[in-house]
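*Asks:* Here is my input, please return the structure:
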Amino acid sequence: MNQQDDKIEQFMAEVIAGNPGELEFHQAVKEVIRSIIPFLEDNPKYNKAKILERMVEPERVIIFRVPWIDDNGKFQMNRGFRIQMNSAIGPYKGGLRFHPTVNLGILKFLAFEQVFKNSLTTLPMGGGKGGSDFDPKGKSDNEVMKFTQSFMTELQRHIGADTDIPAGDIGVGMREIGYMYGQYKRLKNEFTGVLTGKGLEWGGSLVRPQATGYGCAFFAEEMLKTRGKSLEGMSVAISGSGNVAQHAVEKVTQLGGKVVTLSDSNGFIYDPKGVDVEKLAYVMELKNVKRGRIYEYCRKYNCEYVEGRTPWIVRCNVAMPCATQNELNVNDARTLINNGCICVTEGANMPSTPEAIDLFLKNKILFGPGKAANAGGVATSGLEMTQNSIRLGWTREEVEQKLHNIMVNIHKTCEKYGKESDGNINYVKGANIGGFVKVADAMLAQGLV
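*Replies:* You can find the predicted model right below:
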């Protein structure tokens, strides 16, 4: 073990001791510090002020109970969270996730990632994350409203347009944002941009629903340009079939690529003819309105459905994991490489395991980590915040152009900090160091924060 490895292991031992059992958080921290600790050797000013130690410790952790009454008149109870991780460069910004798997460790991992992601956008946003172990699946609109109103009754004490601006995430779409915004407005008696992902009629931004998927495709296009290629004519495997996956399909198709897979928790569909505009409209109706399962696509379009597997066994040029964390393991990575995949762009948060990432980097695969590749969603949330502040709305073309410019600039930052002596770009290193420097410099300037 060399000196750098020893420092990494020592740092991680302290993180694990202080945050026992929070495996996803441990994974996210280790992924970052593997890039940052070597960088700190050449920049000792950050070590002296213990910037890295301060960045892994949330500024504030809020945990609260959420009582509500279901349609049968029975009392129910869930747990709510908000992790306010870092506000050095702006108010806390990050989504709310409603899912049975939500716990402190997952939200701390997401909040920690959010700090770097928001920094990369160049917009003035700190990092935060929150949510609840409530499951909106199978609940009526009335039950979702009762829960979200109770959730916001407590959360409203801790957020505000200049303090903490939550958004949606898994299980939190426009319906949930609407109910929460209505409750916030009722309690605070003010109409401010305290949530993003709002409806267009009441402060939302055009392109916000599409932004994460679009941004993922834009980032893939920039990476491919470094090899003299583009998405034109590329075969693309995408996991998931929710918001991010749907709009990644849309933008990849517009840029000339052919998407051949989509998935949900039960399995994936393989359509070698490609998910075109008509088929995507069907998927959106199936998943967003009917709340159906992706295998129904195969019944309509007569293609293959593979139960209980992820799409990474399919031959493709580009892979976009857009479902959930740790969905792509080292065996999947090996299969993708052997099948000719040259580019992996993360649409979800931390969907690739550390071993998979190491294999991609070792084989010089273009690998776009989530904190860079899926930053389009929060970037457009930042644009929504700006429109709320100036009480103006931009056209779809204006917002999409700004989003595209942000993704191009994120790529430039990754290239600046990640370019290696052989000319290859290590996007993991570039995103981690690029995101760190801006926050760290702000923390130094502000003293004991």
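*Asks:* my read: I342 touches L366, true?
*Replies:* Yes. If you go by C-beta atoms under 8 Å, I342 and L366 touch, sitting 6.2 Å apart. Where you see a C-beta, it was placed from the backbone N, CA and C, and this is true even at glycine.
*Asks:* With neighbour numbers in mind, choose between these two.
*Replies:* Between I342 and L366, counting by other C-beta atoms under 10 Å, L366 is the more crowded of the two (22 against 19).
*Asks:* Phi first, then psi, for the more buried one.
*Replies:* Main-chain dihedrals, L366, degrees, to the nearest 10: phi -70, psi 110.
*Asks:* my guess is it meets K225, correct?
*Replies:* No. Using C-beta under 8 Å as the test, L366 is too far from K225 to be in contact (10.1 Å).
*Asks:* backbone phi and psi for P272, please?
*Replies:* According to degrees, to the nearest 10, P272 has phi -60, psi -20.
*Asks:* List the buried residues for the helix or strand harbouring M12?
*Replies:* In this structure, M12 is located in helix 3-18 according to DSSP states H and E. By neighbour count on 16 or more other C-beta atoms under 10 Å, the buried set for helix 3-18 is 8, 11-12, 15-16.
*Asks:* go on, stretch 248-264?
*Replies:* 248-253, 255, 257-264.
*Asks:* can you check stretch 288-301 too?
*Replies:* Residues of stretch 288-301 classed as buried: 294-298 (neighbour count, 16+ other C-beta under 10 Å).
*Asks:* Kindly reformat those residues as TSV and extend each row with pLDDT, distance to R391 and secondary structure.
*Replies:* Formatted as TSV, these follow (pLDDT from 0 to 100; distance: C-beta to C-beta, whole Å; DSSP: H, G, I helix; E, B strand; the rest coil):
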residue	pLDDT	distance to R391	secondary structure
I294	97	41	coil
Y295	96	46	helix
E296	97	43	helix
Y297	97	42	helix
C298	96	48	helix
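*Asks:* which pair in the residues you listed spans the largest distance?
*Replies:* Within those, I294 and C298 form the most distant pair, 8.2 Å apart (C-beta to C-beta).
*Asks:* Under the pLDDT cut-off, which ranges of this structure? List them.
*Replies:* Where the chain drops to pLDDT under 70, the residues are 1.
*Asks:* and the longest helix for it?
*Replies:* Secondary structure of the chain per DSSP state H: the longest helix is helix 396-418.
*Asks:* which other helices and strands contact that helix?
*Replies:* helix 104-120, helix 211-225, helix 370-373, helix 376-390, helix 427-446 (3 or more C-beta pairs under 8 Å, 6 or more residues apart in numbering; DSSP states H and E).
*Asks:* highest average neighbour count across the ones you listed?
*Replies:* Ranked by mean neighbour count, the helices and strands packed on helix 396-418 are led by helix 370-373 with a mean of 30 (mean count of other C-beta atoms under 10 Å).
*Asks:* Which stretches in the stretch 51-200 of the chain count as strands?
*Replies:* Taking DSSP state E, counting those that start in this stretch, the strands of the stretch 51-200 of the chain run over residues 60-69, 75-86, 92-98, 127-132, 164-167.
*Asks:* I'd like the ones you listed as JSON lines, with mean neighbour count appended.
*Replies:* Below are the strands of the stretch 51-200 of the chain laid out as JSON lines (neighbours: other C-beta atoms under 10 Å):
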{"stretch": "strand 60-69", "mean neighbour count": "15"}
{"stretch": "strand 75-86", "mean neighbour count": "20"}
{"stretch": "strand 92-98", "mean neighbour count": "28"}
{"stretch": "strand 127-132", "mean neighbour count": "30"}
{"stretch": "strand 164-167", "mean neighbour count": "25"}
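*Asks:* Can you add distance to G105 and give those strands back as CSV?
*Replies:* Below are the strands of the stretch 51-200 of the chain laid out as CSV (distance: least, C-beta to C-beta, whole Å):
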stretch, distance to G105
strand 60-69, 12
strand 75-86, 10
strand 92-98, 13
strand 127-132, 11
strand 164-167, 19
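*Asks:* surely R97 meets G128?
*Replies:* No. Counting by C-beta under 8 Å, R97 sits too far from G128 to count as a contact (12.0 Å).
*Asks:* quick one on the thing from earlier: list the residues that are in contact with both of I294 and C298.
*Replies:* Common neighbours of I294 and C298, using C-beta atoms under 8 Å, 6 or more residues apart in numbering, are 269, 305.
*Asks:* Show me what the helix holding M12 is in contact with.
*Replies:* With contacts defined as C-beta under 8 Å, 6+ apart, helix 3-18 is touched by 1, 25-26, 29-30, 33-34, 37-38, 41, 52-53, 56-57.
*Asks:* and if we set it to 6 Å?
*Replies:* With contacts defined as C-beta atoms under 6 Å, 6 or more residues apart in numbering, helix 3-18 is touched by 26, 29-30, 33, 37-38, 56.
*Asks:* Most widely separated two among the residues you listed?
*Replies:* Farthest pair in the contacts of helix 3-18 (C-beta to C-beta) is H26 and P38. Separation: 19.5 Å.
*Asks:* Of these two, which one has the most company?
*Replies:* Set H26 next to P38 and count neighbours by other C-beta under 10 Å: H26 wins out with 18 against 14.
*Asks:* Map the structural domains onto the sequence of the chain.
*Replies:* What automatic domain parsing lists as the domains of the chain is 3-55, 60-191, 211-373.
*Asks:* end-to-end on the shortest one?
*Replies:* Spelled out, it's domain 3-55. End-to-end distance for domain 3-55, by C-alpha to C-alpha, to the nearest Å: 22 Å.
*Asks:* circling back to that earlier point, where's the longest helix of the chain relative to the chain centroid, distance-wise?
*Replies:* Taking C-alpha atoms, centre = their mean, to the nearest Å, one finds helix 396-418 lying 16 Å from the centre of the chain it belongs to.
*Asks:* Give me the angle between it and helix 104-120.
*Replies:* With axes from the mean of the first three to the mean of the last three C-alpha atoms, to 10 degrees defining the directions, helix 396-418 sits at 100 degrees from helix 104-120.
*Asks:* that older thread, compare the domains of the chain and report which one is nearest to Q387.
*Replies:* Going by C-beta to C-beta, the one of these nearest Q387 is domain 60-191, 12.4 Å.
*Asks:* what's the first-to-last distance across that closest one?
*Replies:* Note: domain 60-191 ends 26 Å apart using C-alpha to C-alpha.
*Asks:* With stretch 341-359 instead?
*Replies:* Terminal residues of stretch 341-359 are spaced 13 Å apart (C-alpha to C-alpha).
*Asks:* Now find how far off-centre that stretch is within its chain.
*Replies:* When distances are taken as C-alpha atoms, centre = their mean, stretch 341-359 is centred 13 Å away from the chain's centroid.
*Asks:* same thing with stretch 183-197?
*Replies:* Centre-to-centre, stretch 183-197 and its host chain are 24 Å apart (C-alpha atoms, centre = their mean).
*Asks:* cool, stretch 61-75 as well?
*Replies:* Worked out by C-alpha atoms, centre = their mean, stretch 61-75 lies 27 Å from the chain centre.
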